[in-house]
Each structure stands twice: as C-alpha cells, then as structure tokens.
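Student: need a structure here:
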Amino acid sequence: MRITEKGQVTIPVEVRRRLGLQPGDEVEFIIEGNRARIVRAASTPPRGRRIVKRLRGTGDVDLSTDEIMALTRNG
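Tutor: Now for the predicted structure:
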C-alpha cells in the first residue's frame, strides 16, 4: 500500500468489510510502539442512524402519517 502526498491510503475492501466500515464512517488510529491500529471512532453513530439523519426532511409526499398507514393497510 502506498501513502499519497496528502497522507491518504485506501483501506482494502476486505478490511472495510470485516470492520463494518462504510463511506462517511470515522476511524481512529491507535499508536502502539512502532505500529498503528485502525478502529471505528467511538463517536460514529450506527449506519441506520446516519441514513435516517441524511434522509430526514427529504420526503415530498403531502400525506399525513395516518394517511400513509391507511394506504399500507388497505392496499
């Protein structure tokens, strides 16, 4: 792996999968002697919460919650 001039490195897909890292996640580096460990930052909210936060207020349906629930129950 090569570090770019900006100090960036690509985390391999298998490592991201095993750690459950998604785009937008924050990570921390823990230095132990002459080694560094990468871990998910403690402050990173779960993926579901990030998705809900990003989507909140973006709906364009002019229906109340009760009207939407009636459609799902009756249709």
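Student: Please save the CA atoms from the lowest-mean-pLDDT helix or strand in the chain in PDB.
Tutor: Every helix and strand of the chain was ranked by mean pLDDT, DSSP states H and E. The lowest is helix 47-55, at a mean of 84. The C-alpha coordinates for helix 47-55 follow below in PDB (Å, rounded to 0.1, in the frame of the first residue of the first chain):
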ATOM      1  CA  ARG A  47     -25.200   3.200   9.900                       C
ATOM      2  CA  GLY A  48     -29.000   3.200  10.300                       C
ATOM      3  CA  ARG A  49     -28.900   6.400  12.300                       C
ATOM      4  CA  ARG A  50     -26.700   8.100   9.700                       C
ATOM      5  CA  ILE A  51     -29.100   7.100   6.900                       C
ATOM      6  CA  VAL A  52     -32.200   8.400   8.800                       C
ATOM      7  CA  LYS A  53     -30.400  11.700   9.600                       C
ATOM      8  CA  ARG A  54     -29.400  12.100   5.900                       C
ATOM      9  CA  LEU A  55     -33.000  11.400   4.700                       C
END
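Student: which residues are contacting it?
Tutor: Gln22, Gly24, Pro45 (Cβ atoms under 8 Å, 6 or more residues apart in numbering). Backbone N, C-alpha and C define where each C-beta goes, glycine included.
Student: Nearest to Thr72 among these?
Tutor: Pro45 (27.7 Å; Cβ to Cβ).
Student: Now do the helices for the chain: every range, in order, please.
Tutor: All helices of the chain, identified by DSSP state H, fall at 13-19, 47-55, 65-74.
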